[in-house]
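**Student:** 3D, please:
(one chain, ligands or ions: 2)
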Amino acid sequence: MTEYSVAVLEGDGIGPEITAEAVRVLERIGEQAGVRFDLRYAPFGGAAWFETGSAFPEATQAVCDGADAILKGPIGLGTEASKQIPPEEQPERGGLLPMRRRYNTFANFRPVYLPPELAHFSPLKPDRVEGGLDIIIIRELVGGLYFGAKEKGFTDHGLRYVNETLSYNEHEIRSILVVAFEEAMKRRRLLHSVHKSNVLMSSVLWNDIVDEVAKDYPEVEVRHVIVDAAATAMILNPRQFDVMVMENMFGDILSDLAGGILGSLGLMPSACIGTEKSYYEPSHGSAPDIAGKGIANPYSMIGSVALMLEKSFNMPGEAQRVWDAMRKVFGAGITTADLRDPEGRCTVLTTREFGDKVLETLG
Ligand code: IPM
Ligand code: MN
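**Tutor:** Ligands and ions are numbered 1, 2, ... in the order given. Here you go, the predicted structure:
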């Protein structure tokens, strides 16, 4: 029997409850496909910091090092709890970024997927999203401002200052662009490259490399779009986009904007693909305000399992079954309280009951 090991990091806030549903789906798929998933739970995030003094404890690193893939819940604490942790040790800077760096997960896939069964969640007028949306945002995940040199201090005049650096070399840019061109080749052969070359020199280099890499993909139509204009265009006419590629910070912002187009960040799973190891996580935060109430929708976590099946375990058919099952559940007019149909016509179930429906649909 094929066996894969999966590190399961439940994270903070709503993490444990939505991860529980994702794990049930993974196990069901395993039973059906004759694959054993060896699940290895480990603490990560704010909870881990309070338990062990580190958001990414060494023991958790060892579990992740030994796993074939990592399924990670959202992390982060409310403002008050965060204050108890020194800034550099907080779950984002002390856990998540070190994880991205450790596994060099440079390619972040964020599907912006709005099939007709989910269209009622979108706040855009129906004609904007008619026929559904199927965009994939590819975000560079281990460079740029997030990882550049930082310093803080005092100016000669005694003013506090900070300096953070947006740095990319050509290898880093080429690597993410190749991923994006390859994805475009599998899809509509249309690639939007998002940049800010009217201001940032990093984008001038980015665009030069786009031209170089494009020579290897003559079938792909490349469209350049400046990041601020991209934000407007995504709202006015999201259907024009298929694959979009951009640097780290642009991707952080535009992918949340895309969550707004879908109607919720709860509809945004993601895959963080590394050179040797990949991890899978929702694009959203840990929503401490609704944690433990059983009202969070597990879609983003179950979708992350689908991405893991496709990208780490070469099980695209099973991945598709997971997407289809969730579409069917929403198509039957079912939702959870955090993800309300604006017209209020849906049946509202708990997180667990929603998971039950997905399992029933999977058979
Ligand atoms: C995301 C999140 C993270 C990011 C935070 C939690 C550090 O917003 O994955 O988009 O900014 O990358
Ligand atoms: Mn973000």
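
**Student:** neighbours of Ser278, how many?
**Tutor:** Neighbours of Ser278 under the rule other Cβ atoms under 10 Å: 20. No exception for glycine: its C-beta is placed from N, CA and C like everyone else's.

**Student:** actually Ala230, not the one I typed
**Tutor:** Neighbour count for Ala230, taken as other Cβ under 10 Å: 22.

**Student:** gap between Leu205 and Ile173?
**Tutor:** 7 Å (Cβ to Cβ, to the nearest Å).

**Student:** average pLDDT for stretch 3-21?
**Tutor:** For stretch 3-21, the mean per-residue pLDDT is 98.

**Student:** and that stretch, C-alpha only, in CSV?
**Tutor:** Output in CSV follows, covering the C-alpha atoms of stretch 3-21 (Å, rounded to 0.1, in the frame of the first residue of the first chain):
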residue,chain,number,x,y,z
GLU,A,3,2.0,5.4,2.3
TYR,A,4,2.7,9.1,2.7
SER,A,5,3.5,11.0,5.9
VAL,A,6,1.8,14.3,6.4
ALA,A,7,2.7,16.8,9.2
VAL,A,8,-0.4,18.3,10.5
LEU,A,9,0.0,21.7,12.2
GLU,A,10,-3.4,22.8,13.4
GLY,A,11,-2.4,26.4,14.2
ASP,A,12,-4.3,28.9,16.2
GLY,A,13,-7.9,30.2,16.4
ILE,A,14,-10.2,28.4,14.1
GLY,A,15,-7.2,26.2,12.9
PRO,A,16,-8.0,23.1,14.9
GLU,A,17,-11.7,22.9,14.0
ILE,A,18,-11.2,23.4,10.3
THR,A,19,-8.1,21.2,10.2
ALA,A,20,-10.2,18.4,11.8
GLU,A,21,-12.6,18.4,8.8
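
**Student:** hmm, it touching ligand 1?
**Tutor:** No. Judged by Cβ under 6 Å from any ligand atom, stretch 3-21 stays clear of ligand 1, getting no closer than 10.4 Å.

**Student:** please identify the buried residues of that stretch?
**Tutor:** The neighbour-count check on stretch 3-21 (16 or more other Cβ atoms under 10 Å) flags 4, 6-15, 17-21 as buried.

**Student:** enumerate every residue touching the residue lying closest to Arg345 once chain neighbours are set aside.
**Tutor:** Closest residue in space to Arg345, ignoring its immediate chain neighbours: Gly333 at 6.6 Å, by Cβ to Cβ, 6 or more residues apart in numbering. Contact analysis of Gly333 by Cβ atoms under 8 Å, 6 or more residues apart in numbering lists 345-347.

**Student:** pull the most distant pair out of the buried residues of stretch 3-21.
**Tutor:** Among those, the pair separated by the greatest distance (Cβ to Cβ) is Tyr4 and Gly13, at 27.2 Å.

**Student:** could you say which helix or strand contains whichever residue of the stretch 151-300 of the chain sits closest to ligand 1?
**Tutor:** Of all residues in the stretch 151-300 of the chain, Asp252 sits closest to ligand 1, at 4.5 Å by Cβ to the nearest ligand atom. Secondary structure from DSSP states H and E places Asp252 in helix 248-262.

**Student:** Val227 versus Leu77, what's the distance?
**Tutor:** Leu77 is 30 Å from Val227, by Cβ to Cβ.

**Student:** more neighbours, those two?
**Tutor:** Applying other Cβ under 10 Å to Leu77 and Val227 shows that Leu77 carries more neighbours, namely 23 against 20.

**Student:** tell me the contacts of the more buried one?
**Tutor:** With Cβ under 8 Å, 6+ apart, Leu77 has these contacts: 12-13, 46, 85, 90-91, 286, 288.

**Student:** do that again at 6 Å, thanks
**Tutor:** Gly46 (Cβ atoms under 6 Å, 6 or more residues apart in numbering).

**Student:** any idea which element it lies in?
**Tutor:** Using DSSP H and E, Leu77 falls within no helix or strand.
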